[in-house]
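Asks: Kindly return the folded structure for what I paste below:
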Amino acid sequence: MRVVQRIPATIRNFKAKPLDTQQKRRVAGYARVSTDHDDQITSYEAQVDYYTRYIKGRDDWEFVGIYTDEGISATNTRHRDGFKRMVKEALDGKIDLIVTKSVSRFARNTVDSLTTVRKLKDKGIEIYFEKENIWTLDDKGELLITIMSSLAQEESRSISENVTWGHRKRFADGKVSVGFSHFLGYDRGPDGNLVVNREQAKTVKLIYRLFLDGYTFHSIAKELMTRGLETPTGKKKWYQGTVKSILTNEKYKGDALLQKRFTVNFLTKETKANEGEVPQYYVENNHEAIISPQVFDWVQEEIKRRCEGRSRYSGVSIFSSKVKCGQCGSWYGAKVWHSTDKYRRTIYRCNDKFKHHCKTPHLTEEEIKDIFVKAVNQLISNKEVVLGNITLLKEQLTDTATLEEERDKLSTDLNLLAEKVQQLIAENARVAQNQDDYDRNYSKLVSRYEAAKKQYDKTCEAIQYRKARSRQMDSFIKELREQELIKAFDARLWGSLVDFITVYSKDDIRVTFKDGTEIRV
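Replies: Numbering: from 1, shown residues only. Modelled structure (predicted):
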């Protein structure tokens, strides 16, 4: 007769140690709170104190330490330094058991939670979740941890959706919020809105003035560092990206575009630029402006002009990229002649002169200044005629009534098309349909929506351009009306009046002003 004899286990599961060993388990605690609010700090300190006393109170446990993360979300483990250090030291054989408050304190991401639990379990390291009374080396441990992690993850999703809804509701109500610690020129007011910081506003105005004087983003950054001025974060080192963000931020003219970025994934906290995926809201006259709308519009046009130039923009001086070759369209650039002797002088000539064999003449700084003075005085001598023409032109070129009607009609069409798309999707989910017909109808509606959206964006852009042009012309009219004849070059007038100079020949040089007026000198 066959006999089966049972041989009892003498080694611990997951551990190469005898069952009757008297060695104490090395135990660590893990505590985390996800915000830095005062009430959460109290919770954090309470967790640390509780688990320190709890572990030390067991005779069969040896206290290793408490690992902590403060003010960090649990939705992923990427930036949780305390957590990662604890796991590493456990895998290095320094910890046998980890005690923590609950699954949600450990991780609200099911994948991260299970990956970590299994990695530790393979090395015989156990985790005890006190609230749920789960021991991960127990047979039912993994099933329970899966269920509890999934519930915690869904709780995170719900919280994220509620927070997102709250943000979008505030945006829809026109309530503006910014990171004031990283925002140069404004402080948080008593009502939470933006209040001008007069000292920092001087730096913002300087940046705009330097840009209109011909400086590049890079040269402005260098100038700010030379002057020892601080960045929005209080540092001394400026980057051209920081300068550009200040020059393109509509908040400096008193407006606010809300929801420029949005969260793509609530687990990874990944965000991206809003390119139409979610609504945006534009609030006009929300707060006191540091930069006038006219100056802000000039800067945006100048940024666009420099990007569209045929050759690379240079910001060496106020004349750089302001003089254009009438033959090939390239900018004039500064060149130094006789750089090593007493005849040294700086001239400006077409940057692509030898590439296109341009015959346009070079100009000295004095000649450019003289051309400007003559052109401005011609303009001022005929100011009444010019002002009349500009006023008439302004009425024709800046009227937005027709465009606004078209925009409103397109907006209605977009809403109707979006509603039809949603109805089509809902109908397909409710009633069985021919999927080829469904796909064809869906594609047709989406194509119509995209075409209408493209036209809507184009119309909105045209309205903004006309409004900006109107403000520009108003500023030009005001400047010209108050200006008398000038005897010498004025850098302020150069920056505020002149758009560019075009050189066709020595006898044919034309100055184009910001209102579009062209004068041949």
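Asks: in the chain, what spans have low per-residue confidence?
Replies: The model of the chain has pLDDT under 70 over residues 1-22, 33-43, 71-79, 107-112, 139-181, 259-281, 308-317, 339.
Asks: Can you name the element that comes right after the helix or strand hosting Glu450?
Replies: Secondary structure from DSSP states H and E places Glu450 in helix 435-482. Sequence order places helix 491-497 as the next helix or strand after helix 435-482, per DSSP H and E.
Asks: Now that following helix: buried residues?
Replies: Buried residues in helix 491-497, counted by 16 or more other CB atoms under 10 Å: Trp494, Gly495, Ser496, Leu497. Glycine gets a C-beta too; all of them are placed from N, C-alpha and C.
Asks: likewise stretch 404-411?
Replies: Glu406, Arg407, Leu410.
Asks: distance between the ends of stretch 207-218?
Replies: Using CA to CA, to the nearest Å, the gap from the first to the last residue of stretch 207-218 comes to 11 Å.
Asks: next one: that stretch to chain centre, how far?
Replies: 21 Å (CA atoms, centre = their mean, to the nearest Å).
Asks: do the same with stretch 229-246
Replies: 14 Å.
Asks: Output that stretch as PDB - backbone C-alpha positions only.
Replies: In PDB, the C-alpha atoms belonging to stretch 229-246 read as follows (Å, rounded to 0.1, in the frame of the first residue of the first chain):
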ATOM      1  CA  LEU A 229      17.600  93.300 -11.600                       C
ATOM      2  CA  GLU A 230      15.800  90.200 -10.200                       C
ATOM      3  CA  THR A 231      13.700  87.700 -12.200                       C
ATOM      4  CA  PRO A 232      10.100  86.800 -11.300                       C
ATOM      5  CA  THR A 233      11.500  84.100  -9.000                       C
ATOM      6  CA  GLY A 234      13.900  86.400  -7.300                       C
ATOM      7  CA  LYS A 235      17.000  85.100  -9.100                       C
ATOM      8  CA  LYS A 236      19.800  87.200 -10.700                       C
ATOM      9  CA  LYS A 237      20.100  85.100 -13.900                       C
ATOM     10  CA  TRP A 238      17.800  86.000 -16.700                       C
ATOM     11  CA  TYR A 239      16.900  83.700 -19.600                       C
ATOM     12  CA  GLN A 240      15.500  84.900 -23.000                       C
ATOM     13  CA  GLY A 241      12.500  82.600 -22.500                       C
ATOM     14  CA  THR A 242      11.600  84.500 -19.300                       C
ATOM     15  CA  VAL A 243      11.900  87.800 -21.200                       C
ATOM     16  CA  LYS A 244       9.700  86.500 -24.000                       C
ATOM     17  CA  SER A 245       7.000  85.200 -21.600                       C
ATOM     18  CA  ILE A 246       6.800  88.700 -20.000                       C
END
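Asks: returning to what we had before: what is the nearest of the buried residues of helix 491-497 to Arg118?
Replies: Gly495 (65.8 Å; CB to CB).
Asks: Surely that closest one is in contact with Phe211?
Replies: No: look at Gly495 against Phe211 with CB atoms under 8 Å: they stay out of range, at 9.6 Å.
Asks: what's the nearest residue to Asn197 once chain neighbours are set aside sitting at in phi/psi?
Replies: Distance criterion CB to CB, 6 or more residues apart in numbering; nearest residue to Asn197, sequence neighbours excluded, is Asp187 at 5.0 Å. Backbone torsions of Asp187, given as degrees, to the nearest 10, read phi -120, psi 170.
Asks: ok, Asp187 - how many residues close by?
Replies: 12 (other CB atoms under 10 Å).
Asks: try the one 4 residues further on
Replies: The burial count assigned to Asp191 is 8, neighbours taken as other CB under 10 Å.
Asks: Gln396 too?
Replies: For Gln396, using other CB under 10 Å, the count is 7.
Asks: Help me confirm that it is found in a helix?
Replies: Yes: when classified by DSSP: H, G, I helix; E, B strand; the rest coil, Gln396 is found to be part of a helix.
Asks: distance of it from Ala468?
Replies: Going from Gln396 to Ala468 by CB to CB, to the nearest Å gives 16 Å.
Asks: In helices, which of the buried residues of stretch 404-411 appear?
Replies: Of these, the ones assigned to helices by DSSP state H are Glu406, Arg407, Leu410.
Asks: Is the second one in contact with Tyr456, as I believe?
Replies: Yes: Arg407 is in contact with Tyr456 according to CB under 8 Å; the separation is 6.6 Å.
Asks: for the stretch 151-300 of the chain, what spans make up the strands?
Replies: With DSSP state E, counting those that start in this stretch as the criterion, the stretch 151-300 of the chain has strands at 186-188, 194-196, 256-258, 261-265, 270-273, 281-283.
Asks: counting contacts, what elements does the third one pack onto?
Replies: In other words, strand 256-258. strand 281-283 (3 or more CB pairs under 8 Å, 6 or more residues apart in numbering; DSSP states H and E).
Asks: and with 10 Å instead?
Replies: helix 141-172, strand 281-283 (3 or more CB pairs under 10 Å, 6 or more residues apart in numbering; DSSP states H and E).
Asks: Including distance to Asp436, could the buried residues of stretch 404-411 go into JSON lines?
Replies: Supplementary listing: the buried residues of stretch 404-411 in JSON lines, determined by distance: CB to CB, whole Å:
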{"residue": "Glu406", "distance to Asp436": "36"}
{"residue": "Arg407", "distance to Asp436": "36"}
{"residue": "Leu410", "distance to Asp436": "31"}
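Asks: What residues sit buried inside stretch 291-301?
Replies: Buried residues in stretch 291-301 (16+ other CB under 10 Å): Ile291, Pro293, Gln294, Val295, Phe296, Asp297, Trp298, Val299, Gln300, Glu301.
Asks: Correction: the previous question concerned stretch 507-516.
Replies: So, applying 16+ other CB under 10 Å, buried residues of stretch 507-516: Ile509, Arg510, Val511, Thr512, Phe513, Lys514, Asp515.
Asks: next one: stretch 244-261
Replies: 244, 246-247, 249-256, 258-259.
Asks: ditto for stretch 53-70
Replies: Buried, per 16+ other CB under 10 Å, within stretch 53-70: Ile55, Trp61, Glu62, Phe63, Val64, Ile66, Tyr67, Thr68, Asp69, Glu70.
Asks: what do you get for stretch 466-475?
Replies: By 16+ other CB under 10 Å, the buried positions in stretch 466-475 come out as Arg466, Ala468, Arg469, Ser470, Arg471, Gln472, Met473, Asp474, Ser475.
Asks: Break this structure into its domains for me.
Replies: Annotated domains of the chain cover 25-159, 193-308, 361-399+449-520 [automatic domain parsing].
Asks: Not counting sequence-adjacent ones, nearest residue to Arg469?
Replies: The nearest residue in space to Arg469 (CB to CB, 6+ apart) is Thr398, at 5.3 Å.
Asks: Val336 belongs to a strand, doesn't it?
Replies: Yes: counting by three-state DSSP, Val336 is found in a strand.
Asks: Next up, the contacts around it.
Replies: Residues near Val336 by CB atoms under 10 Å, 6 or more residues apart in numbering: Arg344, Arg345, Thr346, Ile347.
Asks: which of those residues has the most neighbours?
Replies: Ile347 (16 neighbours).
Asks: So that residue is in contact with Val323, correct?
Replies: No: taking contacts as CB atoms under 10 Å, Ile347 lies outside contact range of Val323: 11.1 Å.
Asks: And for stretch 492-499, what's in contact with it?
Replies: Applying CB under 10 Å, 6+ apart, the external contacts of stretch 492-499 come out as 209, 211-214, 294-295, 298, 301-302, 305, 318-319, 322, 324, 368-369, 371-373, 375-376, 379, 475-476, 479-480, 483, 486, 490, 511-518.
Asks: Tally up the residues packed near Asn197, please.
Replies: Using other CB under 10 Å, the number of residues around Asn197 comes to 17.
Asks: For it, give its distance to Arg227.
Replies: 18 Å.
Asks: what's the answer for Lys444, then?
Replies: 59 Å.
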